[in-house]
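**Q** Predicted model, plus sequence, below.
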2 protein chains.
Amino acid sequence: MFLFAWLSKKPSNNVIYYPNRILRGLEPWEGSRTRNPFSWIKEAMNSTEADVVSLSGIDTAVYFVFLSTVLGILVLSGIVLLPVLLPIAGTDDGVTRAQTTSNGSFSNLDKLSMGNIPEKSPRLWAFLMATYWVSFVTFYLLWKAYKHVSVLRATALMTPEVKPEQFVILVRDIPPIPQGQTRKEQVDSYFKTIYPETFYRSMVVTKNKEVNKIWKELGGYKKKLARAEAIFAASKMTGKPEGTKPTNKIGFLGLVGRKVDTIDYCNEKISELVPKLESEQKITIKEKQQASALVFFNSREVAASAAQNLHAQMVDTWTVTEAPEPRQLIWNNLPMKFYARQIRQYVVYVIVALTIFFYMIPIGFVSAFTTLKNLKKLLPFLKSIVDQAEIKTVLEAFLPQIALLVFLALLPKFLMILTKAEGIPSVSHAVRGTSGKYFYFTVLNVFIGVTLGGTLFSSFKSIQKQPDTVVTLLASSLPGNATFFLTFVALRFFVGYGLELSRIVPLIIYHLKKKYLCKTEAELKEAWIPGDLGYATRVPNDLLIITVTLCYSVIAPLIIPFGVLYFGLGWLILRNQALKVYVPSYESYGRMWPHMHTRILAALIIYQVTMFGYFGVKKFFYATFLIPLPILSLIFAFVCSKKFYRSFRDTPLEVACQDLKETPDMQNIFRSYIPPSLSSEKFDDGDQFEDALSQQVSRTGSSV
Amino acid sequence: MFLFAWLSKKPSNNVIYYPNRILRGLEPWEGSRTRNPFSWIKEAMNSTEADVVSLSGIDTAVYFVFLSTVLGILVLSGIVLLPVLLPIAGTDDGVTRAQTTSNGSFSNLDKLSMGNIPEKSPRLWAFLMATYWVSFVTFYLLWKAYKHVSVLRATALMTPEVKPEQFVILVRDIPPIPQGQTRKEQVDSYFKTIYPETFYRSMVVTKNKEVNKIWKELGGYKKKLARAEAIFAASKMTGKPEGTKPTNKIGFLGLVGRKVDTIDYCNEKISELVPKLESEQKITIKEKQQASALVFFNSREVAASAAQNLHAQMVDTWTVTEAPEPRQLIWNNLPMKFYARQIRQYVVYVIVALTIFFYMIPIGFVSAFTTLKNLKKLLPFLKSIVDQAEIKTVLEAFLPQIALLVFLALLPKFLMILTKAEGIPSVSHAVRGTSGKYFYFTVLNVFIGVTLGGTLFSSFKSIQKQPDTVVTLLASSLPGNATFFLTFVALRFFVGYGLELSRIVPLIIYHLKKKYLCKTEAELKEAWIPGDLGYATRVPNDLLIITVTLCYSVIAPLIIPFGVLYFGLGWLILRNQALKVYVPSYESYGRMWPHMHTRILAALIIYQVTMFGYFGVKKFFYATFLIPLPILSLIFAFVCSKKFYRSFRDTPLEVACQDLKETPDMQNIFRSYIPPSLSSEKFDDGDQFEDALSQQVSRTGSSV
């Protein structure tokens, strides 16, 4: 934090600490230069939701609703649970008395947890009540949050400003072209019949692989040229007045081959590629039309309605959805066929399930081996090293966690690739899919895997004798892992949020690049562009913390303050980052929320079930009073999904029918959807669109 | 059949045998009077689907598609299975040789079934192949049928004629009225904002209980008056020229109380009730408006689109569906609240499940006791009676079946009441719901119940020793019940279709009523009005036969001819009845089909699973080759539902956007939805609707 306060004051670091503000053309710092190092906290606290929405979009605002809801759940739970349960657990010494003689490792933390209460003790009633309290707090706050997010989304969709994506629908699975028609004519005539007045025009999706390749190559040479020119100009300034022309080798990675003058070489290549690109663009537009299209309407109400309607009698043809923003379209996935998507989805599910269970084995082993006692037992020669106090502390606290964190860092990219392979048309949807898979992974492997893994190893024989249900097993092994998860949560917020706020890694990389690599303005900008908040991993990680904290909230209430700190600090630091650093890469109008909501509820149900199991382990027969809780949770989930969910999937008409500030400029909207590799100045001059009615031109203009 | 040929020639019976034609204003008989008694068969065979559609509607046509599809499945199966499997089974005497000495009851039928093949015999390969053949035939024909029905439905919905229900949507769960507005204004302003050009007007649903009661009373007195006048007129003709005025007592059931002149009394009552009805109508329209409405649009495309769209941001308010026809609206269910409907649905499911399992016990007992051998064993004193040849035949063949049929006759009404209690808005939907419940009931109780019941009783001890899976148990007890189900199918088509064609019961009732009760034309018409086909029980009964026939098709192929006869005769006779007798009471445009399709598939899966079990019983280890079959069936079901189902739930826009023959007369459409108890001449004169814009009148006219 101090590091941040010091580093962020230097103006040269502005691009690292205030990129979002800079990109929006705002002053990095508002107000006076004499601000104190902690003014960012005040700023973050004072910022309103409207600020977040205007600077970072609805998705970020929804993420803060998520953080503050979870924070609220933990604070409200903690206010009741800490003062009530800690004394109850701490003053009871039934178990301690019975066990201290035989087992000296009974630590202080365990004394303050439910493990300290003897079986069948009437004090367990307090814990049972606490379980109910946590559940109802969760229900109440989730309900409020869902309502709030729902309003947020509706307000954003009602905006009088023209948003291109509100006028477009995405059509997939177009049936084969009838004889004597082009794809473009087929789409046009189909939608003109159904929407004679509101249909504007259509854009057939094309196969852009070739043209993208050429465009990328061209872009690469342009960049190289700019860079070479910058180097040349710099050499003029510093060295000889005529300058040194930069040269490069044209072979593999610039290491082998003939040496050429870079500027000339690039110019040559560019003049070679430009006509190639143009001819490829024409070919693509004419001949590589796919069975998918974007259809543009004059009115956003009609577009919202069209995206929900069934158009064709054969349901698997002419399927429609709301079009995502142009920037988050995954073009390659659009022409994928209906059943191909279905099959891919199931295949991906199977692969993910296999991944989850294959990872389970190594993680189980790692966590079982890395408890120190096991290490000592198994590898006696380590004993002398491990028994040294400092090493012991470090190892005990961080060794298993670090193993876990490394494991987890490998996964998200892989899951993202899998999710995109399902045929999902938009980046935001793919992020949600990845987040969901990652959540299952973390909960199953980290939480349940670690908990059971340790137990399985230490009590493998007893299980073989008495095959038990997973729930009881999980419940009975929970208390033993309380310390592990406490340190896990603590590590997460100290290391994670420290890195997050100070942005040490991007800072170092930026300065290194600035000094040695970047020669042009564009390259410099590329070096500090911060990216977005990365929901695909951020959300499931937070959800894991929620699951852990909820599950231990009653068993070892001391975890609650850690959870509060995690989400409180998280809220504060990310508020700063959202306002000043991260640039959202898409806007899905809060469609992440139902996803978060369901998973918080899933965490709650896991908690309720394990609590039931743990009360069973304690032989507390009133545990049956807990049975209504998971049922209540399911009813709550059902009601929420019935009441809110569909308005997140579709745009309600009462929202879409709000008036616009101005008549939408349909040409602009249309043009915003042209993929960059297909746009060129020639198409941009507008004349092309005016006489779109004539046969040839309309076909050419179709996919542009 | 001969009875039918003779009776149907008498012109006085026309109203029983040709009511549908009479009601449509056609001659009962086409062509000459010299037709032979079996010309109806020719007529039925020659009738095209278009005839059925025009005379009896899409739903009936779909029912015939169902019958002919099933017939096709059985015929195609039989063509291969009978000549192949019967010789294979008949020439094998492995089991017979081993058992004839100990058990003499091995009947001829059993010799031709799969039970005659010894365990592990290579001949079982033929039966395995047969299982595949039946499955693929089913897939192929179902696919063709689904496509065909889909086109039928689309063609009907595309009709250029104006159908009122295509211009209306049903809106439920309207939120509470805002201050200072009426319900009517709320609905109007809401839909006017969203559909400024196409919204025509709305009709708020009212609570009609009181007004219905008065209207019914009034109708009763009007009928009585007409009847009394007819009697009076008749007495003038026959007796004294001044006639005898009919009298009646006004007390309980007309048996006690003061004696009055019926004509005067009725006139008095009518003149008393008419103003009461009018004032109650006004009160109802003004003050009993409910949170539900019918909304009328100028265009059927917009109505089709509106019925699919999400309107409100809170998904559980302003829920919309396509409006059913006026005649099949269940008015009382319309204002039911969203969550009330959900809860009622689950409660009904629980009640139905309980019913199914409570009935299981008695049916199991009945079928166990009523096999003759058991009767003799348990009640030895019956032996002398039962051993007489004729009684034995009758009892053996029909006793258990009759017990079953009586059982089944009790149920449908009960299920219909339950289904309506779910809050379903249309009769056709309620019929589908009832049919589904009844199907589960028949399959679970009659088929599985009888099969297992007999076995449970005869092998109760062996089961106690070796608890087995239900599938194996079911499979192993199937062959023993083959005879039972053969007679069951035979009984069904002999008795059922005989009664159906000859319409003996309605004929007798009609003639009795005509002679003794009916005095006016209206009463006479009421006596012969035939009702509709009664899908709620007809379809599940057919489905039961399919399930039985499919399950035995490979085990005892002799059942196939009986199945073919059942569906062939059924097709023929019902074609006659549909063209000439039954009057459909609603039109749902074939929405019954997906329901039938799914249940035929369910029957197929039951068949595949039991076959797998039965091959297991035969210790035929290549039975594992059957595992892909149920999986294939599930994939087939999934693809069908993805490809076709939604176009049965919603109207596709490409269908709804077809041009109409004429501009729809919106007033007529609106008026067709006015419930009869609320309509009166005063509202019918049209002026009321012209100035619908003025405040008071529009409110009055709202629900009319």
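**A** Structure received. Small disclaimer: the values here were computed from a predicted structure and weren't measured.
**Q** For the residue of the stretch 451-600 of chain A found nearest chain B, grab the count of nearby residues.
**A** Residue nearest to chain B within the stretch 451-600 of chain A: A:P594 (11.4 Å; Cβ to the nearest Cβ). The C-beta positions use only the backbone N, C-alpha and C, and glycine is treated the same way. Applying other Cβ atoms under 10 Å in any protein chain shown, we find 21 residues neighbouring A:P594.
**Q** can I assume it is in contact with A:F644?
**A** Yes. With contact defined as Cβ atoms under 8 Å, A:P594 reaches A:F644; the gap is 7.2 Å.
**Q** do you know how far the residue nearest the centre of chain A is from A:G433?
**A** In chain A, the residue lying closest to the centroid (Cα atoms, centre = their mean) is A:Y535, at 1.7 Å. Note on A:Y535: its distance to A:G433, by Cβ to Cβ, to the nearest Å, is 11 Å.
**Q** what do these two both touch?
**A** Common contacts of A:Y535 and A:G433 (Cβ atoms under 8 Å, 6 or more residues apart in numbering or on different chains): none found.
**Q** returning to that earlier point: which strands and helices lie in contact with the helix or strand in which the residue of the stretch 451-600 of chain A closest to chain B is found?
**A** Element membership of A:P594, judged by DSSP states H and E, is helix A:592-617. When contacts are defined as 3 or more Cβ pairs under 8 Å, 6 or more residues apart in numbering or on different chains; DSSP states H and E, helix A:592-617 sits against helix A:49-91, helix A:124-158, helix A:427-441, helix A:470-477, helix A:535-553, helix A:628-640.
**Q** Contact residues of the stretch 101-250 of chain A facing chain B?
**A** Those residues of the stretch 101-250 of chain A that sit near chain B, judged by Cβ under 8 Å from any Cβ of the partner chain, are A:S150, A:V151, A:A154, A:Y190, A:T193, A:I194.
**Q** What ranges does the stretch 451-600 of chain A have for its strands?
**A** In the stretch 451-600 of chain A, no strands are defined using DSSP state E, counting those that start in this stretch.
**Q** cool, and the stretch 101-250 of chain A?
**A** Taking DSSP E, counting those that start in this stretch as the criterion, the stretch 101-250 of chain A carries its strands at A:168-172, A:199-206, A:247-249.
**Q** how about TSV for the ones you listed, with mean neighbour count and mean pLDDT added?
**A** Below are those laid out as TSV (neighbours: other Cβ atoms under 10 Å in any protein chain shown; pLDDT from 0 to 100):
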stretch	mean neighbour count	mean pLDDT
strand A:168-172	25	91
strand A:199-206	23	86
strand A:247-249	14	69
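**Q** what's the farthest-apart pair in the residues of the stretch 101-250 of chain A next to chain B?
**A** Across these, no pair lies farther apart than A:V151 and A:T193, at 37.6 Å, counting by Cβ to Cβ.
**Q** so where's the stretch 451-600 of chain A uncertain?
**A** The model of the stretch 451-600 of chain A has pLDDT under 70 over residues A:452-480, A:504, A:517-521, A:527.
**Q** Apply 90 and report the result again.
**A** A:451-542, A:544-545, A:548-563, A:565-566, A:568-590 (pLDDT under 90).
**Q** Please list the residues of the stretch 501-650 of chain A that sit near chain B.
**A** So the stretch 501-650 of chain A meets chain B at A:V639, A:K642, A:K643, A:F644, A:Y645, A:R646, A:S647, A:D650 (Cβ under 8 Å from any Cβ).
**Q** Please verify my assumption that the last one contacts A:N309.
**A** No. Using Cβ under 8 Å, A:D650 is not in contact with A:N309, being 10.2 Å away.
**Q** Common neighbours of the two, please.
**A** Common contacts of A:D650 and A:N309, defined by Cβ under 8 Å, 6+ apart, comprise B:N309.
**Q** Give me the neighbour count for A:K413.
**A** A:K413 has 12 nearby residues by other Cβ under 10 Å.
**Q** A:Q179 too?
**A** 5.
**Q** Could I get the pLDDT score of the closest residue to A:P178 other than its chain neighbours?
**A** Nearest residue to A:P178, sequence neighbours excluded (Cβ to Cβ, 6 or more residues apart in numbering or on different chains): A:Q186, at 6.5 Å. We note a pLDDT of 89 for A:Q186 in this prediction.
**Q** wait, what's in contact with A:Q186?
**A** A:Q186 makes contacts with A:I174, A:I177, A:P178, as judged by Cβ under 8 Å, 6+ apart.
**Q** what's the first one in contact with, if anything?
**A** Translated: A:I174. Contact partners of A:I174, counting by Cβ under 8 Å, 6+ apart, are A:R183, A:Q186, A:V187, A:A291, A:S292, A:A293, A:T317, A:W318.
**Q** quick one: average pLDDT of stretch A:215-231?
**A** So the average pLDDT for stretch A:215-231 ends up being 81.
**Q** Buried ones in that stretch, by neighbour count?
**A** A:W215, A:E217, A:L218, A:Y221, A:K224, A:L225, A:A226, A:R227, A:A228, A:E229, A:A230, A:I231 (16 or more other Cβ atoms under 10 Å in any protein chain shown).
**Q** Please enumerate residues in contact with that stretch?
**A** Outside of stretch A:215-231, the residues within contact range by Cβ under 8 Å, 6+ apart are A:246, A:262-263, A:266-267, A:269-270, A:273-274, A:277, A:519-520, A:522-523, A:676-677.
**Q** Mark which of those residues are buried, thanks.
**A** Neighbour counting over the contacts of stretch A:215-231 (16+ other Cβ under 10 Å) leaves A:P246, A:T262, A:I263, A:C266, A:K269, A:I270, A:L273, A:L277, A:K519, A:T520, A:E523, A:S677 as the buried ones.
**Q** Pick the one among these closest to chain B.
**A** So of these, ranked by how close each gets to chain B (Cβ to the nearest Cβ), first place is A:S677, at 33.4 Å.
**Q** helix or strand for the closest one, which one?
**A** Following DSSP H and E, one finds A:S677 outside all helices and strands.
**Q** wait, isn't A:K514 in contact with A:L524?
**A** Yes. At 6.5 Å, A:K514 counts as touching A:L524 under the criterion of Cβ under 8 Å.
**Q** Could you report the separation of A:I508 from A:K514?
**A** 11 Å.
**Q** between these two, who's got more neighbours?
**A** Neighbour count, other Cβ under 10 Å: between A:I508 and A:K514, A:K514 has more, with 15 against 11.
**Q** Break chain A down into its structural domains.
**A** A:2-29+A:43-160+A:339-655, A:211-282 (automatic domain parsing).
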